[in-house]
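Asker: what would the 3D arrangement of this be:
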Amino acid sequence: MSRYLKTIVLVLLVALAPATFALQRAELLPPNGQTYFRVSNTVEFWAKLKKSSIGRLWMDQQFQDFLGNPDQETWQEVFFQGETDAEDKVVMEQLKTLTGEVVLAFDMKTDGIYIIATMTAEDFERGLELDEQLRDVSEDPFEVVKSSFQDVEIVQHIENPGTPDELSSWQAHIGNTFIFGYSEEWIEQSIVRLKKEEVQEPADAPVLDINLPLGALIQETIEENANAASEKLIYEALGLLDVDVFTSRIELLDDRMLINNTLAISDLERGVFSLIDT
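Answerer: Modelled structure (predicted):
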């Protein structure tokens, strides 16, 4: 390789390094938390969604009349099971601190959740203050225990302490990233990565990413069924056991909405997929 070509290669490597090795927040998710929803910028996403065709339809008076003109209390009853007490108000205040990128993931086996989000240090401190308010008004008791890992404060919530239903969650804040989950080991692993790698903040048009590991979900459904053997034969005959992952990306541009859906299947020659012209 000539000296001139070597120089070009080195320049390209230096130029591409930040983009190549920057950490995406969704990369922090553990293997059992691959069912997730990601919004690249919540404030901008909702602002553009209101201006989109779907948003304009939602705001149309005839459509609202069709829905019965639901107000804020109606939606609060839907999402908080009809409870509109002080606890719900605190939770709503906590949600207001999520203004940038938000990744919400689910562990389908344990029902645990993971949150990775853009958050300022001020908003994190505000969230801790709201936690104290939540503890005062919550019907379910929980304790707050603080510790540290690699000079990063970890806040542990212990729900129903001292009972058979005791359950712990952990949260921490590193740089401009907030992490929450029901695994202390995952929190510590995330702290290590966040201290070593710089997070790449989303800069393009706001998007909503959906990732559903359908193969694992189908398999879990089969295992939970009393007639697992016979049900597996049915799913296999339909070709559904060859389904892997479904992903969807909704991108909101200034003049249009782009939706890209992908269904990953290992074998298109079996079951219902053999009938589809792919």
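
Asker: buried ones in the helix or strand where residue 145 lies, by neighbour count?
Answerer: Using DSSP states H and E, residue 145 sits within strand 142-149. Residues of strand 142-149 classed as buried: residue 142 (neighbour count, 16 or more other C-beta atoms under 10 Å). Placement of C-beta: from N, CA and C, glycine included.

Asker: so which elements touch that strand?
Answerer: Helices and strands touching strand 142-149, by 3 or more C-beta pairs under 8 Å, 6 or more residues apart in numbering; DSSP states H and E, are helix 121-137, strand 152-159, helix 184-196.

Asker: need these in CSV (columns: mean pLDDT, mean neighbour count and distance to residue 274).
Answerer: As requested, those are exported to CSV (pLDDT from 0 to 100; neighbours: other C-beta atoms under 10 Å; distance: least, C-beta to C-beta, whole Å):
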stretch, mean pLDDT, mean neighbour count, distance to residue 274
helix 121-137, 88, 15, 51
strand 152-159, 94, 17, 49
helix 184-196, 95, 16, 40
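
Asker: between the ones you listed, which one is closest to residue 270.
Answerer: Using C-beta to C-beta as the measure, helix 184-196 is the one of these that comes nearest residue 270, at 36.1 Å.

Asker: one step back: tell me which of the helices and strands packed on strand 142-149 lies nearest to residue 43.
Answerer: With C-beta to C-beta as the yardstick, what comes closest out of the helices and strands packed on strand 142-149 is helix 121-137 (12.8 Å).

Asker: which strands and helices sit next to that closest one?
Answerer: helix 86-95, strand 142-149, strand 152-159, strand 177-181.

Asker: could I get the ones you listed in a markdown table, plus columns for distance to residue 126?
Answerer: Formatted as a markdown table, the helices and strands packed on helix 121-137 follow (distance: least, C-beta to C-beta, whole Å):
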| stretch | distance to residue 126 |
| --- | --- |
| helix 86-95 | 8 |
| strand 142-149 | 15 |
| strand 152-159 | 13 |
| strand 177-181 | 11 |
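
Asker: of all those, which one is nearest residue 113?
Answerer: strand 177-181 (7.3 Å).

Asker: state the mean pLDDT of the closest one.
Answerer: The pLDDT scores in strand 177-181 average 96.

Asker: beta-bridge partners for the residue nearest the centre of the chain, please?
Answerer: With distances taken as C-alpha atoms, centre = their mean, residue 104 lies nearest the centre of the chain, 1.8 Å away. Using DSSP bridges, the beta-bridge partners of residue 104 come out as residue 37, residue 115.
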